[in-house]
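Chemist: Sequence plus predicted model, see below.
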Amino acid sequence: MAFGRQAPVFDAGAPLLEARDVAVEIGGKQILHGADLRVDAGKLIAVVGPNGAGKSTLARAVAGLQRPSGGSVRWSGVEIGELRGRALAQLRAFVPQRSRVPDGVSVREAVRIGRSPHVKPLGRLMRADHEAVERAMERAGVLQFAERHLTTLSGGELQRVQIAVGLAQEAPVLMADEPTSHLDLGATATLAKLLRGLTADGLAVVLVVHDLSLAAAVADTVVVIADGRSVASGPPSEVLVRERLHEVWHVDAALEQRDDGHTALHIAWLGRREPDSGFDTGA
Ligand SMILES: Nc1ncnc2c1ncn2[C@@H]1O[C@H](COP(=O)(O)OP(=O)(O)OP(=O)(O)O)[C@@H](O)[C@H]1O
C-alpha cells in the first residue's frame, strides 16, 4: 500500500517550462488547441494576441489553474499532472489579471500571504520567511508604504504589491496577466523596468500583455496567440512584422527598431496613407 505521493524528480537540464500543443475545453467549447510556450531562466516572454485569443487561458493552463484537455505541460521536465499545490507554488508565482482587494489588509500582510507555500499548514512564519517578505517588498519598491491598507493604494502601487506577493513565493518563474492594463505611462514604465530587472536577477517572467510596443521593448521572446493557438514565437523584431500585425490584429502597423536600442510601433490608426509611411490600407 502506497502512502502519499512520491516527490517529483526535476530535470535540471530541461526548460523551466515547456508546454506543447496545449488544448483547453471549457463548457464544451474548445478555447485552446495547439498552443506552445517555452520558458527559460533569465528570460522575459511576452504572450500577445487579440482579445479572446486565449492568452489568459494558456497562462492559467500552464500555471496549473486550468486543466488542459490535451497536450503536455512540463515544469523542469515533470508533467504538471504530477505536481500539486505547494510543489507548483514553488515553481511559479501567478499574478492574476483581476484580484479582489480585501478591506483592512495592509501591504505587508498581503505579501506575507504570498509566502504561505513555504509555511507548514497552521504553521507560523519563521525568520527566513519574514526576511523573504521584506526582500520581496524591497525588490518591488513597496516598502515605503508597507503599513498602508491595499484599498488606499493607486493602481500602479497595487500592481507592484501584487508583484511583491508573487516574489515572496521565491519561485523561479513569475507569471503576470496584464499587469499594466489600467496603468498610466509612468506607472507602466516603472513596472516594465521592475519586470525586466527581475530577469537580470535570474528569474523568468511570463507577461500576458496587449501593448505590443511594451512587449517589443521588454521581451526576449514574443509568443503570438490567435484563435486559440500559437501562430508565432521569437524575438520581437522577427515576430511583430507588418504582415503578422495585419494578419492577426487587422491593422496597418510596423515596429521600428532604432539604433539607440529603443523600439517604436507606428500605427495607421485611421487607416490613412501617409506619403512616406509605406502603409497601404486599401482605403
Ligand atoms: N470560464 C470560461 N467559460 C467560458 N468561456 C471562457 C472561460 N474562460 C475563457 N473563456 C473564453 O475563452 C476565450 C479566450 O479567453 P481568454 O480570456 O483566454 O482570452 P484572452 O486572449 O486572454 O483575452 P483578453 O485579451 O480579452 O483578456 C474567450 O472567448 C473567452 O470568452
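Modeler: In hand now; what should we look at? Residues are numbered from 1 along each chain as shown.
Chemist: can you pull the contacts of residue 231?
Modeler: By Cβ atoms under 8 Å, 6 or more residues apart in numbering, the residues touching residue 231 are 224, 225, 244, 248. To be clear about C-beta, it is placed using only N, CA and C from the backbone, and glycine gets the same treatment.
Chemist: before we move on, what about residue 146?
Modeler: By Cβ under 8 Å, 6+ apart, the neighbours of residue 146 are 106, 107, 108, 111, 137.
Chemist: run the last query once more with 6 Å
Modeler: Residue 146 makes contact with 107, 108, 137 under the criterion Cβ atoms under 6 Å, 6 or more residues apart in numbering.
Chemist: who touches the first one in this structure?
Modeler: Residue 107 makes contacts with 142, 145, 146, 148, 161, as judged by Cβ under 6 Å, 6+ apart.
Chemist: And it, its phi and psi?
Modeler: Main-chain dihedrals, residue 107, degrees, to the nearest 10: phi -60, psi -50.
Chemist: Now the longest helix seen in the chain: average pLDDT?
Modeler: Across the chain, the helix with the greatest residue count (assigned by DSSP state H) is helix 185-200. Averaged across helix 185-200, pLDDT comes to 94.
Chemist: What's the first helix or strand after it?
Modeler: Counting by DSSP states H and E, the next helix or strand C-terminal to helix 185-200 is strand 204-208.
Chemist: what are the pairing partners of that next one, and which direction each?
Modeler: strand 44-48 (parallel), strand 173-177 (parallel) (DSSP bridges).
Chemist: Could you give the average pLDDT over stretch 81-101?
Modeler: Here stretch 81-101 scores 87 as its mean pLDDT.
Chemist: Show the model's pLDDT score for the residue nearest to residue 13 when sequence neighbours are not counted.
Modeler: Of all residues not flanking residue 13 in the chain, residue 77 sits nearest, at 7.8 Å (Cβ to Cβ, 6 or more residues apart in numbering). On pLDDT, residue 77 comes in at 92.
Chemist: Make sure residue 77 is actually in contact with residue 14.
Modeler: Yes: assessed by Cβ atoms under 6 Å, residue 77 is found in contact with residue 14 at 3.6 Å.
Chemist: Tell me which residues of the helix or strand harbouring residue 18 come out buried.
Modeler: Secondary-structure assignment from DSSP H and E places residue 18 in strand 17-26. Neighbour-count burial for strand 17-26 flags 17, 18, 19, 21, 22, 23, 24 (criterion: 16 or more other Cβ atoms under 10 Å).
Chemist: Sort out which one of those residues lies nearest residue 165 for me.
Modeler: Taking Cβ to Cβ as the measure, residue 165 sits nearest to residue 17 out of the buried residues of strand 17-26, at 20.3 Å.
Chemist: still on that earlier bit, now the strand holding residue 18 - C-alpha only, CSV.
Modeler: C-alpha atoms of strand 17-26 as CSV (Å, rounded to 0.1, in the frame of the first residue of the first chain):
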residue,chain,number,x,y,z
LEU,A,17,8.5,25.3,-18.5
GLU,A,18,7.8,23.6,-21.8
ALA,A,19,4.2,23.4,-23.0
ARG,A,20,3.4,21.8,-26.2
ASP,A,21,0.2,21.5,-28.2
VAL,A,22,-1.9,22.6,-25.2
ALA,A,23,-5.7,22.2,-25.6
VAL,A,24,-8.3,23.6,-23.2
GLU,A,25,-12.0,22.9,-23.4
ILE,A,26,-14.4,24.8,-21.2
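Chemist: Many thanks, we can stop here.
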